[in-house]
Structure formats: C-alpha cells, structure tokens
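Visitor: can you look at this prediction? I've put the sequence above it.
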Amino acid sequence: MFEKKEPFQWKIPILILTGILVLTGGIYIGIKTRKVEEKPAFNNETINKENEKTKDAFGLSESCEIWMYKRSEEGSLIDSEPSMIGIVPKELLDKTKEEIRAYLSEQYPDKEIDSITQHEIVLSEKETLNDTSKSNKYSLEVENGFIGLYKYNANGNRELIENTEIKLDSLPQSVQEEVQKGVLVDTQDDAYSKLESFGS
C-alpha cells in the first residue's frame, strides 16, 4: 500500500548553485579589475605617448657600435681596416630608425649610412682616388652595382674605360668580395680576361 519514495537527488541543484557562484564571482572580479585599469596613474595621454614611442622604437642595444669604412668614389671598399667611431649615445636607444638616420646624418654629414642593425651601425666615407701606387695599372671596381674597368694614369688619377653590364649581385659571394676590394692588374688584356672569368 505504501510506496517507497526515492531519496531526493541533491547533485544537480548543487552543481547549478556552484556554477552560478563561479559565474557571479568572475563577473565581480572582472568589474573590479576594470575599474583599477581605468584610473589614471599620472596622465593617461603622457603614458599613451610613451607607450607609442617604445612600440615604434628600433631597439638599439646599449652596446651598439658605430663603425666607419672607407670607400672609393664609385663605392667599392678600400683596403683599409674599418675604424670604430664609438658607441651610440643613450638618447638614441628609444628612437625609431628614421630618427636614428636623421641624427647620424646631422652628426656625420660627410659620411653615408650603409646599414643600421640593433648591435652595429656602419658608416662609410668616400675618399678621392689619387693613388700613385696604382699608376699605369688597370682596375676592376664597382660603380652603381655594375663592374667598371678603370685605368690609373702616371699621377694615380683614375679614368673610366668601360662600364660593363656585369651586375655585382649576379656573381658568387667570393667574387663579389674580391671585386669590392678592387681587382688591380697590369694590362688591359689581363683586366678583360678577369672579366671573362667573372662572367662564366
């Protein structure tokens, strides 16, 4: 006559209550942290401008070195050791690449900026080519990315004989380095045979 009642299942209501508590706790914490973030420390505009500067900064290393190479008038490297001018000033550490270029152009107006990396800045200085040690010789040098044939007269003054159509970039790396240093030969025939060996 009497039916046996099953005991009440408490698992489902407990899970629902736990879920509601976690959800409201998360919303409460989110609102509190948002209010803290909205309070300005000093001046929101100043902080935003500083953040923009640091985002755009190139990121020079504090030990970034400035090196200077000597180049001939047409752009090939001269056989001299590069010299270290110094280390970048601290004021350049948070500057953009364009601001760094402007600063270097201002500080070293007679030098060209070859490359800027985070650890090294390379400048070059053009040097006139009156080299009496090269008098009455022929030279293969780079001009505007192409190899040129030059003759040095008795006074060491350089004269262009021929602009070739051989691009420096099309040559193997070892040949590029050799040509950038400048190839010096005794006769015009030797120069042309060197050019042929580069072309093949």
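Guide: Looks like it came in fine.
Visitor: alpha carbons only for contacts and neighbour counts from here, please
Guide: Will do.
Visitor: grab the most central residue of this protein for me.
Guide: residue 117 (3.7 Å; C-alpha atoms, centre = their mean).
Visitor: quick one: it and residue 59 touch, right?
Guide: No - using C-alpha atoms under 8 Å, residue 117 is not in contact with residue 59; the gap is 9.0 Å.
Visitor: how near is the closest residue to residue 185 other than its chain neighbours to residue 152?
Guide: Closest residue to residue 185 apart from its sequence neighbours, by C-alpha to C-alpha, 6 or more residues apart in numbering: residue 138 at 5.3 Å. To residue 152, residue 138 is 6 Å away according to C-alpha to C-alpha, to the nearest Å.
Visitor: hmm, who's touching stretch 95-107?
Guide: For stretch 95-107, contacts defined as C-alpha atoms under 8 Å, 6 or more residues apart in numbering pick out 53, 56, 57, 58, 59, 92, 111, 112, 113, 116.
Visitor: list only those of those residues flagged as buried.
Guide: 57, 58, 59, 92, 111, 112, 113, 116 (16 or more other C-alpha atoms under 10 Å).
Visitor: bridging residues for residue 163?
Guide: residue 148 (DSSP bridges).
Visitor: re the thing from before, next step: the contacts of stretch 95-107 restricted to strands.
Guide: Residues from the contacts of stretch 95-107 lying in strands, with DSSP state E as the criterion: 112, 113, 116.
Visitor: so can I have TSV of the residues you listed showing pLDDT and distance to residue 171?
Guide: As requested, the ones in strands among the contacts of stretch 95-107 are exported to TSV (pLDDT from 0 to 100; distance: C-alpha to C-alpha, whole Å):
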residue	pLDDT	distance to residue 171
112	85	25
113	85	24
116	88	25
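Visitor: just to revisit the earlier point, of residue 138 and residue 152, who's got more company?
Guide: Per other C-alpha atoms under 10 Å, whichever of residue 138 and residue 152 has more neighbours is residue 138, with 26 against 21.
Visitor: most residues in a single helix of this protein, which one?
Guide: In the chain, assigned by DSSP state H, the helix with the most residues is helix 11-38.
Visitor: if you count contacts, what does that helix end up packed against?
Guide: Helices and strands touching helix 11-38, as assessed by 3 or more C-alpha pairs under 8 Å, 6 or more residues apart in numbering; DSSP states H and E, are absent.
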